[in-house]
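Chemist: have a look at this prediction, sequence included:
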Amino acid sequence: MKISLPYSKNKRYLTGIDWIIHVLNYMTLKETGTGFMSQVILELHGKVDALQIESSLSAFMKKYPVLNGHTSRDFNLAPYWKIPAAGTGKISFEIIHLTNSHKEGASFDDVLTSLEKGINRPFRNRKEHVAFHLITKGGKSYVAMTFDHLVFDARNAEAFLNIFQKDWEGGEDSGNMTITEPAHLSMWMDKFKAGQRVNRAFLQIADRVPPRVLPLPPGKKIGFKFKILSFSREAAEAITENAFNKAGYLMLMPYALSASVSALHEIFAGRGFASGNYVIPVSIDTRKKEEVMRQVFFNNVSFFIFKVGADLAVRFPELLKSVKEQMYNQVKADLPGDICKASLLMRIAPLPLLGSLLKIYLKGQIASFSFSYVGETSYESSCFMDNKIINIFHMPRVPVPPGIGIFFQQSKENLNIILSYIDGMLTDEESGKIFDLLKSRLGVE
Amino acid sequence: MNKESGEIEETLIKEVAAILSMDQGSVGPEVPLHEMGLDSLGFVELLVVIEKTFKIRLMESGLTRNDFKTIRSLASKIRVMA
């Protein structure tokens, strides 16, 4: 694989979105002791050869020194990712063998507990950004790649594993991968105008009172808990059918977001919240699959910001209408594009300052919960090494605040819904209720 | 199909191809948009282009599958509304 680095072999300038991710990482680290990390998990049929996986991944990772980089600032103050001359061949690789539980239903809970330990463990040092865990349980194996959001977004992490698989199969070169990024130190007026538009959009979202948020549990070393709901192809098709009928053709994302708002509202209402609306940032990735394969590293997302009145959350048709209208208006105004441009201006601000500035609009808060809908996997093969894939799912640590998020993610055969929250933020009863309500709203009880 | 519908179809094919990064020749007027890989975001981008080009705002129209599923059905809908 050829990697082009025309500017400098050891420097990759950070985009504004990369810098926002750095801020979210800083805030999450400050609140929980661990950064803004995520995990992509391949659930596989059969047992895998642990030694072979570890050695293959080690050899592969060594080709990408970018994964052992760290953040620095240039003489012109533009932040960049400093790439070492050579990658390390020593990767974090943990093997966990779980014995079969007598209770079949408890089987995945054991796996989930092990995965949670993996995603809640900080990286060993500032130059480590990827770690692997192999969990075996009965006739299944789980290969989990924990990654730092500073180096990958969700689709990029899948794409990276996809390149590994192609490399392992000895397949064709998948093309030229680009790591370069200009410093973006020109066209200032364009960026300032985008900043004005983003500012106006945020002022429209701001109310006199802060949005509804669930309080963070006390403590500074808090892990994340996860609940995962996997729908079969048939159930996923039924959800799509319901979305097309209730929200309109191809309106799956607004339908899923509306169902999520509606479900979480019940929890807020059950806690006695009486004031404030909901503010939900939705991360989006507009790249086509080929583009993902070219831009495998760093972050290529942007955001929509939705505001939903608490009164609408109980009236599903009106909630849907509002979400669709907001999405339309934000696409028309190109808010995601403006956020990309405007965020380039923010790179001058140190992370603690920018973290505080982000909270100004919403009276000390950032959002009620995070949401995303990833409709297309970047992992192409039906196998990982020689093992057939059953499912691919993600376990993201949500930025803190808000420390809670709902993610819809399509793998090859399944639609997965992942609820991610700071341990102690929800009771088991509440997290179970959220999934029951989601199933009900999506019409697949 | 009359000349007007044909022109609308051509415009839509061009836009769908741009959104999906496909060759215009690969965009079939009778292939359901979701089978071509269009998702919610891509579809909303298309609706915005339709508003800018034909001055019709379709987002509030119900987005029924029969009217929106293919470029051909969408072109008919636009022709009736324009």
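Modeler: In hand now; what should we look at?
Chemist: in chain B, where's the longest helix?
Modeler: Longest helix of chain B, by residue count under DSSP state H: helix B:3-20.
Chemist: so which elements touch that helix?
Modeler: Under the contact criterion of 3 or more C-beta pairs under 8 Å, 6 or more residues apart in numbering or on different chains; DSSP states H and E, helix B:3-20 touches helix B:40-54, helix B:71-81. Using the backbone N, CA and C atoms, a C-beta is placed for each residue, glycine as well.
Chemist: nearest to chain A, out of those helices?
Modeler: Proximity to chain A (C-beta to the nearest C-beta) singles out helix B:40-54 among the helices and strands packed on helix B:3-20, at 3.7 Å.
Chemist: CA atoms of that closest one as PDB?
Modeler: This file holds the C-alpha atoms of helix B:40-54, laid out as PDB (Å, rounded to 0.1, in the frame of the first residue of the first chain):
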ATOM      1  CA  SER B  40     -31.700   9.400   4.500                       C
ATOM      2  CA  LEU B  41     -29.100  12.000   4.200                       C
ATOM      3  CA  GLY B  42     -28.600  11.500   0.400                       C
ATOM      4  CA  PHE B  43     -32.300  11.600  -0.100                       C
ATOM      5  CA  VAL B  44     -32.700  14.900   1.800                       C
ATOM      6  CA  GLU B  45     -29.800  16.300  -0.300                       C
ATOM      7  CA  LEU B  46     -31.800  15.300  -3.400                       C
ATOM      8  CA  LEU B  47     -34.900  17.000  -2.000                       C
ATOM      9  CA  VAL B  48     -33.000  20.200  -1.400                       C
ATOM     10  CA  VAL B  49     -31.700  20.100  -5.000                       C
ATOM     11  CA  ILE B  50     -35.200  19.700  -6.200                       C
ATOM     12  CA  GLU B  51     -36.400  22.700  -4.200                       C
ATOM     13  CA  LYS B  52     -33.500  24.800  -5.600                       C
ATOM     14  CA  THR B  53     -34.000  23.600  -9.200                       C
ATOM     15  CA  PHE B  54     -37.800  23.300  -9.500                       C
END
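Chemist: now it: how far from the chain's centre is it?
Modeler: Helix B:40-54 has its C-alpha centroid displaced from the chain centroid by 8 Å (C-alpha atoms, centre = their mean, to the nearest Å).
Chemist: what's the first helix or strand after it?
Modeler: helix B:65-68 (DSSP states H and E).
Chemist: would you indicate which residues of that next one are buried?
Modeler: If you call a residue buried by 16 or more other C-beta atoms under 10 Å in any protein chain shown, then helix B:65-68 has these buried ones: B:65, B:67-68.
Chemist: give the contact list for B:Phe43.
Modeler: By C-beta atoms under 8 Å, 6 or more residues apart in numbering or on different chains, the residues touching B:Phe43 are A:249-251, B:33, B:68.
Chemist: by neighbour count, which of those residues wins?
Modeler: A:Leu250 (27 neighbours; other C-beta atoms under 10 Å in any protein chain shown).
Chemist: chain neighbours aside, what residue packs nearest to it?
Modeler: Setting aside the residues directly before and after it, A:Leu250 is nearest to B:Phe43 in space (C-beta to C-beta, 6 or more residues apart in numbering or on different chains), at 4.0 Å.
Chemist: same for the helix or strand hosting A:Phe160, what does it pack against?
Modeler: In this structure, A:Phe160 sits in helix A:154-169 according to DSSP H and E. Other elements packing on helix A:154-169 under the criterion 3+ C-beta pairs under 8 Å, 6+ apart are strand A:37-45, helix A:50-61, strand A:140-148, helix A:289-294, strand A:370-374, strand A:383-384.
Chemist: between those, which gets the lowest average pLDDT?
Modeler: For the helices and strands packed on helix A:154-169, mean pLDDT drops lowest on helix A:289-294, to a mean of 80.
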